[in-house]
Structure formats: structure tokens, C-alpha cells
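Asker: Kindly generate the corresponding structure for this input.
(chains A and B)
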Amino acid sequence: MIDIKFLRENPDVVKENIKKKFQEDKLHLVDEVIELDEKNRKAKLQGDTLRNERKTLSSKIGELMKSGKKEEAENIKSKVQEVNKKLESNEELEHKYSEEIKARMMRIPNIMDPSVPIGKDDTENVENEKFGEPIVPDYEIPYHADIIESFGGLDKESAGRTSGTAFYYLLGDIARLHEAVLAYARDFMIEKGFTYCIPPFMIRRDIVDGVMSFEEYESMAYKIEGEDLYLIGTSEHSMIGRFKGQFVKEEDLPITLTSYSPCFRKEGGSHGLEERGLYRVHQFEKQEMIVLCKYEDHMEWYNKMWNYTVEFFRSLDVPVRTLECCSGDLADLKVKSCDVEAWSPRQQKYFEVGSCSTLGDAQSRRLNIKAKGKEGNYLVATLNNTVVASPRGLIGILENNYQKDGSIKIPKVLQPYMGGKEVLIPNKK
RNA sequence: GGAGAGGUGGCCGAGUGGUCGAAGGCGUCAGUCUCGAAAAUUGAUAUACAUUGCAAAAUGUAUCAUGGGUUCGAAUCCCAUCCUCUCCGCCA
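Answerer: I've put the predicted structure just below:
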């Protein structure tokens, strides 16, 4: 959500930004908002005047009643009732206008950073930088689900019976490795100075409406029957929701948090072989980082944050690259965003393991998250980024540490979380 | 889940229908005093929106958990919701 004052003063900038996102069908919203805004301000002025009249008259009634002048008081009463009648219809107008403005403002995309590449959709996202050699070994890397099964680490069949498709049981060393990755990610971020947080895994509807777009809600949210509760799709939902309508202290900025949570997503439909297995599932676990900072610092944090994820995967011997989200693929609330992708030596291409975004002050405007500063209050900037999500991140680790003999070399940094084991030997063929 | 008590400004806390955006205190900031500090003392001290203004600012409106309602008028009365605390029950 952008600032309506900004829109009022720079309608052309807003329109240009919409065009860059290939959303021409939204251009009309800008002029509509300007028109409605004018009407709304007029109605507010009218309303304020009427309310002032009522207040003045009402207090007179009080005085008259005290001094016992009943008739005069009754006289004024009827006057106020007239004012109230006018006010009633005016308030309806005020309400209508502000609702209509809000509905449109919610659909107008945030102003992108000038560095965002122009492109229509995800096919035009731009590779920024590679980290680590994308090695293709001279032996075949099996499908990740098959690797996991060779360790007796997966039972999808039972999960199908108990919970349905896209659920799984992880077992033994694989389950342990999955948690080791998350535990390492937690400690990795704590080391970077972030505060570890375990948030609620369910949130109320009013928070859902604040932190998810309608499209996200439709494709993602599981609802708890008979309760006003929804399972979170990412800890960002409860982490950012935490600050809704709140003031943070200026001296606490930047607020740097790293949160763990399971994530629940509906996401129906088939996505082909490579997205079966454990790639696209209804339930996974994620270590996330979120930052609240001053607006002028947000780009600096954005760059720090995706670099943390790159560093994290490099410490696990997984080659990665960053893929910058082009204008057409960038979600409306975001200023800039990139995916961190891990190398798949099996597919010989990169696949998404994380996503880093800065929303500027758009999210905090929508949720009303402000800092109390010495020079007055201001909206903070919000950012979020994946440290690692597993099983997806685990796939990258398994494929890149797969040995010719079918064993998995455990990256050094994970060994302490695996009871000192250096290698996993398959127990099943 | 049951029963009770409560939710007021940065914090504590008064206020049960009429100049109440809200006493008093604490805190914070500025001044006086002091070589400086403490103490004392004086003053200031919410936010949002709108209007006027180059601006400083002025004026108006709204906000006493949230949303409705009653009333000429609501922090105050009524209803619903949320939250906190105490006791009981249940439970990792």
C-alpha cells in the first residue's frame, strides 16, 4: 500500500510503475482514487463542520439545563436533531468514500526500486550472481525421493492414508538431518545477531487479512473449523502480525528476528515429476529472518539478508545463485525481491530454496507499524527472507553431497547436530 | 471449559451522562539555580486526518481495548467481541 499523499502529488510516477509491471488494467485506479480522495476530503470537511455544530449546541443544552431553562433547551434539542439528520447521510458518504479509496489503494502496486529489471513474468527473471561451482559429477545423482528412500527415510504411503497426498513421514537419519539443518540455520542466524523466536502457528482472520494478499489466502490458508484461526503459511505471517497496530521504539531499530515454524500450504494441482517427492508439500518447516528498520536502511538490509542465505548454503557445500524477480513477477507489495536458488546436479539447473524481499514501508502502512522517534513517528520498513526451508533445502544438501557409492557426506557444520556422524550409509537398496 | 475482577495518555492512576483529550503523580525535555551535577523550582510534554498558510503555526474533527447501540450530548449507560488477572476444572 502506497501513501495516498504520494499518489496525489505524483500520479504519473504511480502510473509509470503500474505500466512497468504490465498491469495496464489497473491504470484507471489512479485517477479514480484522486477523484474519490477529493470528494472524500470535501465530505470530511462538511462532516467536521456539522460535528462541530452539534458539539457546540449540545454543550449549550447542558448549561441551560443547569440553569433550569427547560424550554430553551428543548428548542436547541430539536435543532441538534436536524443537524444529526444531515450528519447521518454525510457520514454514510464519508464511510463509502474511504472504503472505496481503500479498496483501490490495496490494488495499486508499491513503487519498485529503480534497479528492478523490467519483464513480463517469471521467465524474465534475471540471474544476478553465482556462488560456488555448479558441479555435475561423473556419476548419476538419483531422484531425491529415491535417495531418501535408500536410507529408509521416507514413508509417503502411510502419510497418504493418514493425511493425504503431499504429506510425508520422515524417518531415521533423514529426519534427524532435516532437523539438523533447521537447528544449524537457527544457530547460524543467532550468530549473526538475530533474536530467535518461536511464534504462534495459528493466527486470526484479521491478521490473515493484514499479512496475506487475497490470492495468497486462497491458495495457502488452512482454516481451523469452528474457530477464528488459520494455520500459518510461513512464520512471517505471525512475526509481522505481531507488530500490527503497534509502535516500536526507535532505539530498538533495527529489529532483527529469526523465527522457526512449521508452514502449512494448500497449493493444489500437479507440477510434474520434479515437483513431486518432497519438493512441493502441504507441510514443511522453515527458519526465517525478518527485519524491521528505518526506511533509509532497507536496501542495505536487503543486501545483507540474501547474502546470509547464500553464505548459509555455501557452508553446506551447496552451490547457489540469486535470481532477481523482474517487474512483472514482483508481488504488488514488494519494492524488490530475489530468490536464492540451489544447484541441482541431477536436473543440472537451479531450483528455488528461498526468497528475500523488502516491502519498504508498504506493509507497515497497511498494518500500521510505526516507530516512535524523537522527531515524530514514522512507518518502519519491513523485510523478510528464508534462511532455509526443509525438506526443500534438504534436497539441495542431499543432491550436492551424494557420493558415488550412494552415501551422503554430512557437511562439517551439520556434524555436531548429527551426533558427530560424518557420513550416512544407505541401509536399503 | 466454569466463576469473579478489570482494560483510561510513555508508565502509574482519578474520573459513573454536559467546556474531559481527560485531575494528580512518575518519567521525559527545556529554563532558573550551580564551576558542574544532585536537590529545589518554573514551564512544556499523545496521535491521526482535514482546512488555512511559503512557513512557523492556527483552527476544526476523531481517538479513554475493539465494534455496535441508547442520548441533544458517552471515558462514563446498554449489547457483542477481544485481552489481562484471580479462583476452580481439565491437560502435555
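Asker: wait, A:Val318 sits on A:Leu398?
Answerer: No. Using C-beta atoms under 8 Å, A:Val318 is not in contact with A:Leu398; the gap is 9.8 Å. Bear in mind the C-beta positions are built from the backbone N, C-alpha and C, glycine included.
Asker: what's downstream of the longest helix seen in chain A, the next helix or strand?
Answerer: Secondary structure assigned by DSSP state H gives helix A:27-66 as the longest helix of chain A. Remark: after helix A:27-66, the chain's next helix or strand is helix A:70-105, criterion DSSP states H and E.
Asker: Now do whichever helix or strand comes after that following helix, average pLDDT.
Answerer: Next in sequence after helix A:70-105, counting helices and strands by DSSP H and E, comes strand A:126-131. In this model, strand A:126-131 carries a mean pLDDT of 94.
Asker: ok, back up a step: show me which residues of the longest helix of chain A are buried.
Answerer: Within helix A:27-66, the residues that count as buried by 16 or more other C-beta atoms under 10 Å are A:29-30, A:33, A:36-37, A:40, A:43, A:46-47, A:50, A:53-54, A:61, A:64.
Asker: between those residues, which is nearest RNA strand B?
Answerer: In terms of C-beta to the nearest atom of the strand, no member of the buried residues of helix A:27-66 lies closer to RNA strand B than A:Ile61, at 3.7 Å.
Asker: State the helix or strand in which A:Thr322 lies.
Answerer: Using DSSP H and E, A:Thr322 sits in strand A:320-324.
Asker: who does that strand touch, helix- and strand-wise?
Answerer: Contacts defined by 3 or more C-beta pairs under 8 Å, 6 or more residues apart in numbering; DSSP states H and E place strand A:320-324 against strand A:126-131, helix A:298-314, strand A:336-344, strand A:349-358.
Asker: A:Ile232 touches A:Ser261, doesn't it?
Answerer: Yes. Contact criterion C-beta under 8 Å: A:Ile232 and A:Ser261 qualify, at 6.2 Å.
Asker: quick one, which of these two is more surrounded?
Answerer: Shown here are A:Ile232 and A:Ser261; by other C-beta atoms under 10 Å, A:Ile232 has more neighbours (28 against 24).
Asker: still on that earlier bit, highest average neighbour count across the helices and strands packed on strand A:320-324: which stretch is it?
Answerer: strand A:336-344 (a mean of 25; mean count of other C-beta atoms under 10 Å).
Asker: which outside residues touch that strand?
Answerer: Residues outside strand A:336-344 that contact it (C-beta atoms under 8 Å, 6 or more residues apart in numbering): A:112-113, A:115-116, A:125, A:128, A:132, A:134-135, A:299, A:302, A:306, A:309-310, A:313, A:318-325, A:330-331, A:350-358, A:386, A:393, A:395-396, A:399-400.
Asker: Near RNA strand B, which residues of chain A are found?
Answerer: Contacts of chain A with RNA strand B, taken as C-beta under 7 Å from any atom of the strand, map to A:5, A:41, A:44-45, A:47-49, A:51-52, A:54-59, A:61-63, A:65, A:77, A:80-81, A:84, A:376-377.
Asker: any idea how far RNA strand B is from A:Arg104?
Answerer: Using C-beta to the nearest atom of the strand, to the nearest Å, one gets 16 Å for the distance from A:Arg104 to RNA strand B.
Asker: what residues are up against that residue?
Answerer: A:Arg104 is in contact with A:Leu29, A:Glu32, A:Val33, A:Leu36, counting by C-beta under 8 Å, 6+ apart.
Asker: before we move on, what about A:Leu57?
Answerer: Contacts of A:Leu57 by C-beta under 8 Å, 6+ apart are A:Ile76, A:Lys79, A:Val80, A:Val83.
Asker: could you dump stretch A:409-424 to CSV, C-alpha only?
Answerer: The C-alpha trace of stretch A:409-424 is given here as CSV (Å, rounded to 0.1, in the frame of the first residue of the first chain):
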residue,chain,number,x,y,z
LYS,A,409,28.7,-36.8,3.1
ILE,A,410,27.5,-34.8,6.0
PRO,A,411,28.7,-31.2,5.8
LYS,A,412,31.0,-30.3,8.6
VAL,A,413,28.8,-27.7,10.1
LEU,A,414,25.9,-30.2,10.4
GLN,A,415,28.0,-32.9,12.1
PRO,A,416,27.6,-31.6,15.6
TYR,A,417,23.8,-31.8,15.1
MET,A,418,24.1,-35.4,13.8
GLY,A,419,25.9,-36.8,16.8
GLY,A,420,29.3,-36.4,15.2
LYS,A,421,28.5,-38.6,12.2
GLU,A,422,30.5,-37.7,9.1
VAL,A,423,28.6,-39.8,6.5
LEU,A,424,25.3,-41.5,6.1
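Asker: Show me what counts as buried in that stretch.
Answerer: Neighbour counts using 16+ other C-beta under 10 Å place A:Ile410, A:Pro411, A:Val413, A:Leu414, A:Tyr417, A:Met418, A:Lys421, A:Leu424 of stretch A:409-424 among the buried residues.
Asker: Likewise for stretch A:2-10?
Answerer: Under 16+ other C-beta under 10 Å, the buried positions of stretch A:2-10 are A:Ile2, A:Ile4, A:Leu7.
Asker: could you dump it to PDB, C-alpha only?
Answerer: Extracted in PDB, the C-alpha atoms of stretch A:2-10 (Å, rounded to 0.1, in the frame of the first residue of the first chain):
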ATOM      1  CA  ILE A   2       1.500   3.300  -1.100                       C
ATOM      2  CA  ASP A   3       1.000   6.700   0.600                       C
ATOM      3  CA  ILE A   4      -2.100   8.400  -0.700                       C
ATOM      4  CA  LYS A   5      -0.300  11.800  -0.400                       C
ATOM      5  CA  PHE A   6       2.400  10.500  -2.700                       C
ATOM      6  CA  LEU A   7      -0.200   9.300  -5.200                       C
ATOM      7  CA  ARG A   8      -1.900  12.700  -5.000                       C
ATOM      8  CA  GLU A   9       1.300  14.500  -5.800                       C
ATOM      9  CA  ASN A  10       2.900  12.000  -8.200                       C
END
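Asker: can you give me how far that stretch is from the chain middle?
Answerer: Chain-centre distance of stretch A:2-10: 24 Å, with C-alpha atoms, centre = their mean, to the nearest Å.
Asker: For it, give the mean pLDDT please.
Answerer: Stretch A:2-10 shows a mean pLDDT of 92.
Asker: Stretch A:204-221 too?
Answerer: 85.
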